[in-house]
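Participant: this is a predicted model, with the sequence first.
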Amino acid sequence: MAPKFFLTGVTGYIGGSVFARLASTHPEYEITVLLRSVPDGFKEKYPNVKIVKGDFDSADIITAAAENADIVIHAGNSDHVAANAAILAGLSKSKTPTYLLHLSGTGTVADFTSPDFVPGAPNPKIWSDVSDLPTISTFPLSFLHRPVDSKILSAASTLGGGGNIRTAIVAPPAVYGRGSGPRVTQSFAIPFFVEDVQKFGGRTFYIGDGANEAAVAHIDDVAAVFVKLAEIAVAGGEGADWNEKGYYFVPVHQPGITWKSVAAAVGKSLKARGIIKNAEPISVGPEDTDKMIDGSQIGLYIYGSNSKIRADRATTLLGLEAKAPGFFEVLEEDLDDALNDKQRDSAQMRALTGTK
C-alpha cells in the first residue's frame, strides 16, 4: 500500500518547492494537499494529488486529513499555533507510527533577541543543531518559532498516541533561489530588500557596520532535507533522529555571509540594470527599521542580526550537504524574479511578523 502524505503550504515558496520535489521524485506516494484556492493548471499537472479545501484556521479539516495520513509535512505558516495543534490532534489518534515534518527557521537563534545585541555588529557564535540543541530547546517562548517548536519537540511524550508520533523540525536559514512550486517561486529577503532600497533614496543599505553574518540556503537544499526525511519515514524511521532530537538545520555552503556584502552585490546589479544611480551601499541606523519590510521590526532581524549555523545532524546522519549553487551565483536570477514577479509568500511574512 502506498504511503499517505498530507501537505500544507503547497502554494508558498518553501512548501511549494517541497511538494514539487516530493511529487516528482515519488509519484508512487499518495499525496493530499490543503489548498485555500487551486492554482491554475494544478489539477492538470498533478492529476493524482488529492485536494482538501481549507486554510490554516480550518481545524476540523486539518485534523481529519492528518488522522488519515502516515506522514504530514507542514511547510506553510510555521508559527500558526492552531494549525499545528490540529495536525498533532489528528496524528495522535493513530494506532500506527505517524510522522510530522515541520518547517521552522533559524530565526530562533538570531541574536536580535539578546540583551547585548548591537545591530550590524559581528557575533562569532556558530550554532549546531546537535551540540546546541539542549540550549535551543530551552529558549523562552518569546523567541521566534519557539511557541510551536516547543510543542513539536515534546509531542511524543505529551500527546500519547501509544508512542507512535515521530516529529522532525527542519529549520532553514534565509532561503534563496528560484522555487519550483505551483504558485510562489521567488525568494523572500531579496524581493523585500529591492523594495526597501527605494525607501532610502535608491541606495542599497546595511545597518550599522554591516558586519553581521547570517546563513543562507538554496531552496533545492531545503527541499532535499524534507524529501530525505520523508523517505526515511516511509522506510520505518530508522536512520534519522525524531522527537526531542529531531531538529535539523539545512546544509549551507558557509556558516554565514555579511549583509554588507549582499548590499554591495545588489547595488552593483541594480546600477548595471539602470534602476539606481549609485551602487555604493550606505549605512543606516536601527532607528530606520520602521521604513523596512512594511514597517515591521523584522527588518532589524533580516538586515542587522547574526544567525550562523552548522547543519551537523543533516550532514552526519542524513548524509546531506549543500549541493545547489551559492547565494551570489544565483543572485541575478533572484533579482530578475524580484523585479518581474510581484508575488510574495504572505504566510512566511505573517510567520516572521507574528501577524495573522
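Facilitator: Cool, got the structure. Residues are numbered from 1 along each chain as shown.

Participant: can we go C-alpha only for contacts and neighbour counts from here?
Facilitator: OK.

Participant: ok, which stretches of the stretch 251-356 of the chain are helices?
Facilitator: Secondary structure of the stretch 251-356 of the chain (DSSP state H, counting those that start in this stretch): helices at 259-272, 298-304, 312-316, 331-340, 346-353.

Participant: now swap in the stretch 101-250 of the chain and tell me
Facilitator: 133-136, 146-153, 155-158, 189-197, 219-234.

Participant: what packs against the longest one?
Facilitator: Read that as helix 219-234. On a contact count with 3 or more Cα pairs under 8 Å, 6 or more residues apart in numbering; DSSP states H and E, helix 219-234 meets helix 13-25, strand 98-103.

Participant: ok, now the second one?
Facilitator: Of the remaining helices and strands, those touching helix 146-153 by 3+ Cα pairs under 8 Å, 6+ apart are helix 81-91, strand 165-171.

Participant: now do the third one
Facilitator: Counting contacts by 3+ Cα pairs under 8 Å, 6+ apart, the secondary-structure elements packed against helix 155-158 are strand 165-171.

Participant: next: the fourth one.
Facilitator: The helices and strands touching helix 189-197, judged by 3+ Cα pairs under 8 Å, 6+ apart, are strand 174-176, helix 331-340.

Participant: can I get the ones you listed in a markdown table including mean neighbour count and mean pLDDT?
Facilitator: Listed next are the helices and strands packed on helix 189-197 as a markdown table, based on neighbours: other Cα atoms under 10 Å; pLDDT from 0 to 100:
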| stretch | mean neighbour count | mean pLDDT |
| --- | --- | --- |
| strand 174-176 | 24 | 97 |
| helix 331-340 | 17 | 95 |
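
Participant: need those in TSV with distance to Tyr46, can you?
Facilitator: Output for the helices and strands packed on helix 189-197, formatted as TSV (distance: least, Cα to Cα, whole Å):
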stretch	distance to Tyr46
strand 174-176	25
helix 331-340	24
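
Participant: which one of these lies closest to Gly299?
Facilitator: strand 174-176 (12.9 Å; Cα to Cα).

Participant: contacts for that closest one next, please.
Facilitator: Residues outside strand 174-176 that contact it (Cα atoms under 8 Å, 6 or more residues apart in numbering) are 106, 187-189, 214-219, 327, 334.

Participant: direction included, what does it pair against?
Facilitator: The pairing partners recorded for strand 174-176 under DSSP bridges are strand 216-218 (parallel).

Participant: what's in contact with the strand it pairs with?
Facilitator: Counting by Cα under 8 Å, 6+ apart, 172-177, 250-253, 256-257, 322, 324-327 sit against strand 216-218.

Participant: out of these, which are buried?
Facilitator: 172-177, 250-253, 256-257, 322, 324, 326-327 (16 or more other Cα atoms under 10 Å).

Participant: where in the stretch 201-350 of the chain is pLDDT low?
Facilitator: In the predicted model of the stretch 201-350 of the chain, residues 342-350 satisfy pLDDT under 70.
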